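Asks: Make a model of this:
(2 chains)
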Number of protein chains: 2
Amino acid sequence: MDFFQPDFLKIETTLKRHFASHISFVNQVSSHILFAGGKRLRPLLTVCAARLCGYEDDDVYDLSAVPEYLHAASLLHDDVVDAGEMRRGKTPAYKIWGNNAAVLVGDFLYARAIELATRFEDIRIARSISKTVALMSEGEIIQLLHAKVPSFDEDTYLDVIYRKTAALISTSCRIGALMAKGSLDEIEAVSNYGLYLGQAFQMVDDVLDFTADSNEFGKLTGTDLAEGKLTLPIVVALDKAPRKKRDKLMSLLCQGFTSSSDFLWVKELLMETGGIHYTIKKARTLVESACESLDIFSDSIIKTNMKIIALYVLERKK
Amino acid sequence: MDFFQPDFLKIETTLKRHFASHISFVNQVSSHILFAGGKRLRPLLTVCAARLCGYEDDDVYDLSAVPEYLHAASLLHDDVVDAGEMRRGKTPAYKIWGNNAAVLVGDFLYARAIELATRFEDIRIARSISKTVALMSEGEIIQLLHAKVPSFDEDTYLDVIYRKTAALISTSCRIGALMAKGSLDEIEAVSNYGLYLGQAFQMVDDVLDFTADSNEFGKLTGTDLAEGKLTLPIVVALDKAPRKKRDKLMSLLCQGFTSSSDFLWVKELLMETGGIHYTIKKARTLVESACESLDIFSDSIIKTNMKIIALYVLERKK
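Replies: Numbering: from 1, shown residues only, chains lettered A, B, ... in the order given. Reported below is the predicted structural model:
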């Protein structure tokens, strides 16, 4: 995606401009998560959606910082909640500075992001953003409750990933279209593009937790499994596996950790039952739907590039 | 303050209307903090400020829920950070449902509050609210850093209480005036009223931590001291006490807990050095300034009642 290089540079500069608190400790913790090699997918989508709807000014980069700050804030809190071991290839903030610092700096970043969103005159931007934050925290809560009383079905899964991941990716696109004063159809179209893309993104993430090289992935593999998280390959495996294997998988999910031999056993089961295959296929269908959502726009370089982003989401290795 | 009874009833109804998530667990945790006998000072101020600026519609109650939700969200997070033992006379949420639930439900309440703020057309409302949340989290962070490297002076103290307490109380007033489409002078006047009132409120809180009946207060007394928190009576005592007593006080502040004999010793010292007296006097001056801020408004029942609120803040026992 080399043709996005100029955008990435401007996104990076803008992210550095707005995040700062005058408390240097806040900046230290924020920088740790913000400048640790994130993919910048969300800001890129904001910029692309605005461009697709005909917006040409550079202040869209300011707006594009909003979803990235929200994302960083949610990662700070999620790592506290999940007691994650590795994030973007680094030790998570809560392990270095403590839970308290991670919670409070997360709060600060949420607030700063929303404040930035309110600087734009169109109130629908701040409205979308704050609704999305509520959805994101609900998604984490459903996941938390689920870890205590495991229940695995595809509908619950889709609900959780909508809240946790797809809503913010969809909103990243929506606010770009809002800034561009797109028509209602255009706003709807780019929001759907983001929604399908976000769902596909999470499904690919689920698969990478089993198949990725953990150095390249930036997180440890097998952690979703160890935390008993609801992922689509597991949902499928539980549905398709013969009773005995199903029971073993269920008990592994409940115990809160997995040995490497258990991990390999589960990975094998996911292949056998078609859990990995089903998930990849589903992600591919979603990426196709994402691309089709853009059909209402006439052909352009930016439209083509947004389809390339969709394909990147499918083929990413980290 | 019986004449506010009709307002309190409407505030209570409105608080119940907007907080709900469709996840019942979220409602359970939110209710625990939201409906545990809070004073409803912040929503009352929003309503009063709007009325003072001539606003008569009842949708101001919807707006008044915003600062109360923010306040509840911050209490959920603060209790996690401070490991508080008692809140509004009850066991704090994190002790019942765990840190994770308290963090995530706090996030949800923050987001819901800001979302509610964006429902009003005037973008300055959402802007004030999100700026205030950023200030509040910075205030908690300064306090957290301070607990590790104690430094006690009145300027740092004023900075912390501005962020932690006074900013939100001032904003509660400001958004009422914004909704009423008050003039810039009017907005400024009620914001100042809230600012002075908020500072006085915190100073009274500092004193109550030493002098209150803990059943009536709804929190344990002596906790600020045990947590080494920066309070004004302590700032004064450190400045005025003879060297030996100063050293003993400093070491008590650093150790992270206090026995009841130490607590009584400190209380005695605060009397001797005039720390309690100075703080009460300062709070009284601030309450006078708060009342004077309202001078630009012509006399009315609501103006008188707002002065009564200011006096209540000074004389409250909980």
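Asks: Low-confidence bits of the stretch 1-150 of chain A, can you list those?
Replies: Where the stretch 1-150 of chain A drops to pLDDT under 70, the residues are A:88, A:148-150.
Asks: 90 instead, please
Replies: The stretch 1-150 of chain A contains residues with pLDDT under 90 at A:1-3, A:17-26, A:28-39, A:78-104, A:121, A:139-150.
Asks: So which bits of stretch A:180-198 are buried?
Replies: Of the residues in stretch A:180-198, A:180, A:182, A:186-187, A:189-198 count as buried by neighbour count, 16 or more other C-beta atoms under 10 Å in any protein chain shown. Every residue, glycine included, has its C-beta placed from N, CA and C.
Asks: max-length helix in chain A?
Replies: Across chain A, the longest stretch assigned as helix under DSSP state H is helix A:184-211.
Asks: Against which helices or strands is it packed?
Replies: Packing partners of helix A:184-211 (3 or more C-beta pairs under 8 Å, 6 or more residues apart in numbering or on different chains; DSSP states H and E): helix A:41-52, helix A:154-161, helix A:167-179, helix A:223-226, helix A:232-240, helix A:260-272, helix A:275-293, helix A:301-315.
Asks: Without its sequence neighbours, what residue ends up closest to A:L197?
Replies: Spatial nearest neighbour of A:L197, excluding adjacent residues (C-beta to C-beta, 6 or more residues apart in numbering or on different chains): A:A290 at 4.5 Å.
Asks: show me the contacts for the one you found.
Replies: Residues in contact with A:A290 (C-beta atoms under 8 Å, 6 or more residues apart in numbering or on different chains) are A:192-197, A:200, A:310.
Asks: Just the closest of those to B:G98, please.
Replies: Nearest to B:G98 among the contacts of A:A290: A:L195, at 31.6 Å, using C-beta to C-beta.
Asks: In contact with the closest one, which residues?
Replies: Neighbouring residues of A:L195 by C-beta under 8 Å, 6+ apart: A:162, A:166-167, A:169-170, A:290.
Asks: pull the CA atoms of stretch A:225-237 into CSV?
Replies: Extracted as CSV, the C-alpha positions of stretch A:225-237 are listed here (Å, rounded to 0.1, in the frame of the first residue of the first chain):
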residue,chain,number,x,y,z
LEU,A,225,-7.7,-19.5,23.3
ALA,A,226,-5.9,-19.2,26.7
GLU,A,227,-8.4,-16.5,27.7
GLY,A,228,-11.4,-18.5,26.6
LYS,A,229,-12.3,-15.7,24.2
LEU,A,230,-15.1,-16.2,21.7
THR,A,231,-13.6,-16.6,18.3
LEU,A,232,-15.2,-17.8,15.1
PRO,A,233,-12.9,-20.8,14.5
ILE,A,234,-13.8,-22.1,18.0
VAL,A,235,-17.5,-21.5,17.5
VAL,A,236,-17.4,-23.7,14.4
ALA,A,237,-15.2,-26.3,16.0
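Asks: The closest residue to chain B within the stretch 151-300 of chain A: neighbouring residues, count only.
Replies: The stretch 151-300 of chain A approaches chain B most closely through A:R163 (10.0 Å), counting by C-beta to the nearest C-beta. Residues near A:R163, counting by other C-beta atoms under 10 Å in any protein chain shown, number 21.
Asks: ok, it touching A:A134?
Replies: No: A:R163 is not in contact with A:A134 according to C-beta atoms under 8 Å; the separation is 9.1 Å.
Asks: just the helices and strands packed on helix A:184-211: most buried one?
Replies: helix A:167-179 (a mean of 28; mean count of other C-beta atoms under 10 Å in any protein chain shown).
Asks: Briefly note if that one comes near chain B.
Replies: No: contact of helix A:167-179 with chain B is not found when judged by C-beta under 8 Å from any C-beta of the partner chain; the minimum separation is 11.6 Å.
Asks: Show me what that helix packs onto, helices and strands only.
Replies: Using 3+ C-beta pairs under 8 Å, 6+ apart, helix A:167-179 sits against helix A:41-52, helix A:60-82, helix A:123-148, helix A:184-211.
Asks: for those helices, which one sits closest to A:V103?
Replies: Using C-beta to C-beta, the nearest of the helices and strands packed on helix A:167-179 to A:V103 is helix A:60-82, at 6.1 Å.
Asks: List the buried residues for the next helix or strand after the closest one?
Replies: On the C-terminal side of helix A:60-82, the nearest following helix or strand under DSSP states H and E is helix A:93-97. Residues of helix A:93-97 classed as buried: A:93-95, A:97 (neighbour count, 16+ other C-beta under 10 Å).
Asks: ok, which pair from those residues is furthest apart?
Replies: Checking these with C-beta to C-beta, the most distant pair is A:K95 and A:W97, at 8.2 Å.
Asks: Show me which residues of chain A are close to chain B?
Replies: Near chain B, when you scan chain A using C-beta under 8 Å from any C-beta, you find A:21, A:23, A:25-26, A:77, A:80-81, A:99-101, A:103-108, A:110-112, A:114-115, A:117-119, A:121, A:123, A:126-127, A:130-131, A:133-134, A:136-138, A:140-142, A:144-145.
Asks: run the last query once more with 7 Å
Replies: Counting by C-beta under 7 Å from any C-beta of the partner chain, chain A comes close to chain B at A:21, A:23, A:25-26, A:77, A:80-81, A:99-101, A:103-105, A:107-108, A:110-112, A:114-115, A:118, A:121, A:123, A:126-127, A:130-131, A:133-134, A:137-138, A:140-142, A:144-145.
Asks: Sort out which of these are buried, if you could.
Replies: Among these, those classed as buried by 16+ other C-beta under 10 Å are A:21, A:23, A:25-26, A:77, A:80-81, A:99-101, A:103-105, A:107-108, A:110-112, A:114-115, A:118, A:123, A:126-127, A:130-131, A:133-134, A:137-138, A:140-142, A:144.
Asks: Any idea how far stretch A:135-148 is from the middle of the chain?
Replies: Centroid separation between stretch A:135-148 and its chain, computed with C-alpha atoms, centre = their mean, to the nearest Å, is 15 Å.
Asks: what's next to it, contact-wise?
Replies: Applying C-beta atoms under 7 Å, 6 or more residues apart in numbering or on different chains, the contact partners of stretch A:135-148 are A:74, A:78, A:81, A:159-160, A:163-164, A:167-168, A:227-230, B:21, B:23, B:25-26, B:100-101, B:104-105, B:107-108, B:111.
Asks: Great, nothing more from me.
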